[in-house]
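>>> Coordinates for the following, if possible.
(chains A, B and C)
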Amino acid sequence: MVPGSFAMKHKVSLGLVLAALWLGLSGKLDPLFLLLGAVSVGFALWTALRMDIVDRESHPIHISGGLIRFWILLIRDIVIANTQVVREILRPRLAITPTVVEFESQQSSDLGKVILGNSITLTPGTVTLDIQGSRFRVHGLTREIAEEAASGVMDRRIPRDVEEGR
Amino acid sequence: MSIASVLLLVGLAVLATMAMALARGLLGPTVYDRILAVNMFGTKTVLLIALLAARSGRSDYLDIALLYALINFIGVIAVLKYFEYGSLGHPHAEEGDEG
Amino acid sequence: MSGIEWLGVILLVLGALLGLVGGIGVLRFPDFFTRLHAAGVTDTLATGLFLSGLACLFGDWQATLKLALIFFFVLFTSPTASHALAKAALHGGLKPWKRREDPHG
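Numbering: from 1, shown residues only, chains lettered A, B, ... in the order given. Below is the predicted model of the structure:
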């Protein structure tokens, strides 16, 4: 949104991330490899700048704080949901009751909606079908799973400051 | 049981999963089922390459697995885009594009 | 086998079994949307267990880093691909399968 104020910060952080990635993947520290890495990082940065995709949204360094707790809870949810879906798959007689539910989310920012929609899709048993405004349409493998997704437990867990943080 | 034989058995399990994905791809019935099957086949290929890397003890192979994951994702999105818009790149073919 | 190797083998086997279950689900479930959920099992927990098992077996930092990168990449792209598929199917006119009211139907 504000082009000038964040640009430098995001260029530097993207460059650092790319450099760390190169060092991690090559694992070599001799001058030739460092030179090749510098050239690659420079080229990737130049391409990204030319495509005009270095901004707050593409490079969200501002949302690292409160999300850690969210991720931990999300991983727990994914494990639970996996066991539920596995149980449904292995039932001798299929007992699934696929249900489409709609609900209003509390997320006002685009990023909040993306995080919620992706988290719902990432948890097996639920898939976000459509988002219109703040209305989510979710397909669930069984009625219980779908209703749990619509109850808004995950919605409330997303940190409020997901968009305001700097 | 040695680790090598465990890796072999696990590889066979991955291959069996890939065969099931392939069967779904052949059975269809909709084009979306087939794309889903291709996506799943690709994810399993990534795991298979990573497994080969472990079996041969070469972590360089993991770069190939990483690259395959990238290509798989881009391929699925490209095919989907083609089926939704009937075109792969021309910006004016998309709905609501700012031009 | 050492302790870390045992852990790696257990994680790897669990991941492979979960993958198989996901494959069975993709074959068994009645329509596209339900199959999407079965494929979700193979993309999340199965991949996670499988790759962390391999990381235990490799036991060097660079392989672990690469396996973690693969895992996070799959974790970030799989919901995007699933959602794109579901949305495209819905726009394409596919109706989610529903169980008929009588339980023996």
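>>> And the helices in chain B?
B:3-27, B:31-56, B:61-85 (DSSP state H).
>>> Pick the most deeply packed of these.
helix B:31-56 (a mean of 22; mean count of other Cβ atoms under 10 Å in any protein chain shown). Glycine gets a C-beta too; all of them are placed from N, C-alpha and C.
>>> Give me the contact status of it with chain A.
No. Helix B:31-56 stays clear of chain A (Cβ under 8 Å from any Cβ of the partner chain), getting no nearer than 11.3 Å.
>>> hmm, that helix in reach of chain C?
Yes. Helix B:31-56 reaches chain C (Cβ under 8 Å from any Cβ) through B:31-33, B:35-37, B:39-40, B:43-44, B:46-47, B:50-51, B:53-54.
>>> Mind giving me the packing neighbours of that helix?
Here helix B:31-56 touches helix B:3-27, helix B:61-85, helix C:3-28, helix C:32-41, helix C:47-58, helix C:61-91, going by 3 or more Cβ pairs under 8 Å, 6 or more residues apart in numbering or on different chains; DSSP states H and E.
>>> now do 7 Å
When contacts are defined as 3 or more Cβ pairs under 7 Å, 6 or more residues apart in numbering or on different chains; DSSP states H and E, helix B:31-56 packs onto helix B:3-27, helix B:61-85, helix C:32-41, helix C:47-58, helix C:61-91.
>>> pLDDT (mean, whole number) over the fourth one?
If you average the pLDDT over helix C:47-58, you get 91.
>>> Likewise for the third one?
This predicted structure assigns helix C:32-41 an average pLDDT of 88.
>>> Looking at chain B, which residue is nearest chain C?
Per Cβ to the nearest Cβ, residue B:20 is where chain B lies closest to chain C, at 3.5 Å.
>>> Tell me the spatial nearest neighbour of that residue, not counting adjacent residues.
Nearest residue to residue B:20 in three dimensions, chain neighbours excluded: residue C:23, at 3.5 Å (Cβ to Cβ, 6 or more residues apart in numbering or on different chains).
>>> What is the burial count for that neighbour?
Residue C:23: 29 surrounding residues under other Cβ atoms under 10 Å in any protein chain shown.
>>> what stretches of chain B score poorly on pLDDT?
Residue ranges of chain B with pLDDT under 70: B:86-99.
>>> Show me which residues of it are close to chain A?
residue B:63 (Cβ under 7 Å from any Cβ of the partner chain).
>>> Point to the residue nearest the middle of chain B.
In chain B, the centroid-proximal residue (Cα atoms, centre = their mean) is residue B:42; its distance is 1.4 Å.
>>> quick one: the closest residue in space to that one that isn't next to it in sequence from residue C:71, how far?
In space, and not counting its chain neighbours, residue B:42 is closest to residue B:72: 3.4 Å by Cβ to Cβ, 6+ apart. Counting by Cβ to Cβ, to the nearest Å, the separation of residue B:72 from residue C:71 is 14 Å.
>>> Residue A:97 too?
Residue A:97 is 32 Å from residue C:71, by Cβ to Cβ.
>>> more neighbours, those two?
For residue A:97 versus residue C:71, neighbours defined as other Cβ under 10 Å are more numerous around residue C:71 (21 against 15).
>>> and the residue nearest to that one when sequence neighbours are not counted, how many neighbours?
Once flanking residues are discounted, residue C:71 sits nearest to residue C:51: 4.8 Å by Cβ to Cβ, 6+ apart. Other residues near residue C:51 number 27, with proximity taken as other Cβ under 10 Å.
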